[in-house]
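Asks: no letters, just coordinates:
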């Protein structure tokens, strides 16, 4: 495999690790509805603002979210709507797997 491909796969793996946290996935889902402040996200997640800020920093560092300042408020939004679409795809795959496992359990339990 060419070195270039290994580097690309490494970058993909690094981005995937960014999504490997339930709280970050909730943040992404919330931001699909439009931009929100840290305080708004903290209320939804029922977490301290400092914790939400740390998660947003990870998402920002990986280019998943962007921010803009308006007065004393900072508003976060997704950098690309395809991020939400990718999460939808993973969600659907998970639901399909759950359904298949449910069907298997029913067959084995019968």
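Replies: Arrived safely, thanks for sending. Computed from a predicted model, the values in this text were never measured in an experiment.

Asks: and the nearest residue to residue 73 once chain neighbours are set aside, what is it in contact with?
Replies: Nearest residue to residue 73, sequence neighbours excluded (C-beta to C-beta, 6 or more residues apart in numbering): residue 37, at 5.4 Å. To be clear about C-beta, it is placed using only N, CA and C from the backbone, and glycine gets the same treatment. For residue 37, the contacting residues are 73, 74, 75, 76, by C-beta atoms under 8 Å, 6 or more residues apart in numbering.

Asks: any of these buried? List them.
Replies: Buried members of the contacts of residue 37, scored by 16 or more other C-beta atoms under 10 Å, are 75, 76.

Asks: for the contacts of residue 37, which one is nearest residue 65?
Replies: The shortest approach to residue 65 among the contacts of residue 37 belongs to residue 76, at 5.1 Å (C-beta to C-beta).

Asks: given the helix or strand the closest one falls within, what are its sheet partners and their directions?
Replies: For residue 76, the host element (DSSP states H and E) is strand 73-78. Paired strands of strand 73-78, with direction, are strand 36-37 (antiparallel), strand 65-70 (antiparallel) (DSSP bridges).

Asks: for the most centrally placed residue in the chain, give its distance to residue 88.
Replies: Residue closest to the average C-alpha location in the chain (C-alpha atoms, centre = their mean): residue 25, at 3.3 Å. Applying C-beta to C-beta, to the nearest Å, the value for residue 25 to residue 88 is 11 Å.

Asks: before we move on, what about residue 40?
Replies: 22 Å.

Asks: higher neighbour count, those two?
Replies: residue 40 (15 against 12; other C-beta atoms under 10 Å).

Asks: check contacts around that one.
Replies: Shown in contact with residue 40 (C-beta under 8 Å, 6+ apart): residue 30.

Asks: if you count neighbours, what's buried in stretch 25-36?
Replies: Going by 16+ other C-beta under 10 Å, stretch 25-36 has these buried residues: 26, 27, 28, 30, 31, 35, 36.

Asks: noted, bye for now.
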